[in-house]
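Trainee: I would like to see how this sequence folds:
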Amino acid sequence: MPNARWAAPDLNEAGISRIQEIVSELDGLWSTPTQFTTRDEIDSMTPEQAEMVRIHTRRMLVMQLLYQEFHQHELDDCGDYLTAATDNWAALFGTLWSDDFQDELPITKEFLTNFDRFPEGGSDGEIRYSLLSDELFDQFRDERTDS
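Mentor: The predicted structure follows:
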């Protein structure tokens with residue numbers, strides 16, 4: 001079992017404080033994701049809204065990576081948050097890259113709605129917890145065919 005540390009071993013107190021300040025600055029700088037509350041809102045999503053979904057997916061990964069610098073636990077929920085954020089980003093952007101970003105809008109919509117193709121991360125690093133209302137998230141999760 002690896003040794004769980006609170007912070008990366010090569011950071012001193014000043015470094016940890018600076019990273020925490022950066023996280024706080026980014027949190028204040030970046031917009032809060034707009035939450036979709038109905039399937040119709042997703043169906044009528046604009047290319048600009050889809051772009052923001054992708055941006056928020058990337059930002060969730062950036063934040064989870066930064067959190068690991070001062071709250072590093074690979075084996076508890078902190079590691080789960082990073083794994084969920086990484087899985088979301090890799091699945092969405094990997095799919096987009098394999099399609100040369102030709103179908104950005106439909107793929108981004110599918111990322112929000114198809115939990116078979118884009119499995120749930122299952123922790124706070126799961127960006128769809130922020131992008132979908134609880135009811136809509138539960139609805140899409142319940143529609144999985146692999147459950």
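Trainee: Neighbours of Phe70, how many?
Mentor: When counting by other CB atoms under 10 Å, one arrives at 18 neighbours for Phe70. Just so you know, the C-beta spots here come from the backbone N, C-alpha and C atoms, and that holds for glycine as well.
Trainee: C-terminal to the helix or strand of the chain with the lowest mean pLDDT, what's the next element?
Mentor: Every helix and strand in the chain was compared by mean pLDDT, DSSP states H and E; the lowest is helix 77-98, with a mean of 88. Per DSSP states H and E, the first helix or strand lying C-terminal to helix 77-98 is helix 104-113.
Trainee: From the contact counts, what lies against the helix or strand that that following helix is followed by?
Mentor: Sequence order places helix 128-131 as the next helix or strand after helix 104-113, per DSSP H and E. For helix 128-131, the elements it packs on are helix 47-70, helix 104-113, judged by 3 or more CB pairs under 8 Å, 6 or more residues apart in numbering; DSSP states H and E.
Trainee: how big is the angle separating the helix or strand hosting Phe140 from helix 104-113?
Mentor: Using DSSP H and E, the element containing Phe140 is helix 134-142. Interaxial angle, helix 134-142 versus helix 104-113 (axes from the mean of the first three to the mean of the last three CA atoms, to 10 degrees): 90 degrees.
Trainee: Could you measure from the residue nearest the centre of the chain over to Asn12?
Mentor: By CA atoms, centre = their mean, the chain has its centre lying nearest to Ile127, at 3.3 Å. Between Ile127 and Asn12 the computed distance is 32 Å (CB to CB, to the nearest Å).
Trainee: With Pro106 instead?
Mentor: 48 Å.
Trainee: before we move on, what about Phe118?
Mentor: Distance from Phe118 to Asn12, by CB to CB: 39 Å.
Trainee: Who has more neighbours out of those two?
Mentor: For Phe118 versus Asn12, the count of surrounding residues by other CB under 10 Å is larger for Phe118: 19 against 9.
Trainee: Assess the claim that Ile42 and Asn114 are in contact.
Mentor: No: contact between Ile42 and Asn114 fails when scored by CB atoms under 8 Å: they sit 10.9 Å apart.
Trainee: Pick out whichever of these two has more residues nearby.
Mentor: Per other CB under 10 Å, whichever of Ile42 and Asn114 has more neighbours is Ile42, with 21 against 15.
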